[in-house]
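Colleague: My questions concern the predicted model and sequence given below.
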Amino acid sequence: MDLKSKKLLDFLSEGMLHPDVSGFELLEILDVRSQLASREPLLNENERDRLENLDRQLSRNAVILAVRISEVADLSEMRKRTRVLPSHWWWYLDEMGNLRQEAEALS
């Protein structure tokens, strides 16, 4: 594992332990996840497994994270301004939360 990837994974892991931080800190977590996306080919199997677990946590906490981020920024506007790739799904937490709430309302 290269040192940069390890630091990014450690930062993301720590961030997932504290989803109640400010929206600004959560935006930094999304940015770190994007940095890791470009480094995924460099990750070994254990690191990929760790990243998948962190992604599951991000997805599970989509609603609360989107709410916290919305207190400081508009994710939709940020995606447009920074031209976020559609494959970087973590920048769509607001939409994931909306879909989850709609599904729960239907059931």
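Modeller: Okay, I see it.

Colleague: Could you pull out the helices in the protein for me?
Modeller: 3-17, 23-39, 45-60, 62-70, 75-82, 93-106 (DSSP state H).

Colleague: and the longest one, how far out from the chain's middle?
Modeller: Meaning helix 23-39. 6 Å (CA atoms, centre = their mean, to the nearest Å).

Colleague: for that helix, which positions count as buried?
Modeller: Gly23, Leu26, Leu27, Ile29, Leu30, Val32, Arg33, Ser34, Leu36 (16 or more other CB atoms under 10 Å). All C-beta atoms are positioned from the backbone trio N, CA, C, and that covers glycine.

Colleague: do the same with the third one
Modeller: Going by neighbour count (16+ other CB under 10 Å), the buried part of helix 45-60 is Glu47, Arg50, Leu51, Leu54, Asp55, Gln57, Leu58.

Colleague: Turn the buried residues of helix 23-39 into CSV, columns for distance to Ala66.
Modeller: Below are the buried residues of helix 23-39 laid out as CSV (distance: CB to CB, whole Å):
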residue, distance to Ala66
Gly23, 10
Leu26, 9
Leu27, 11
Ile29, 12
Leu30, 11
Val32, 17
Arg33, 14
Ser34, 16
Leu36, 20
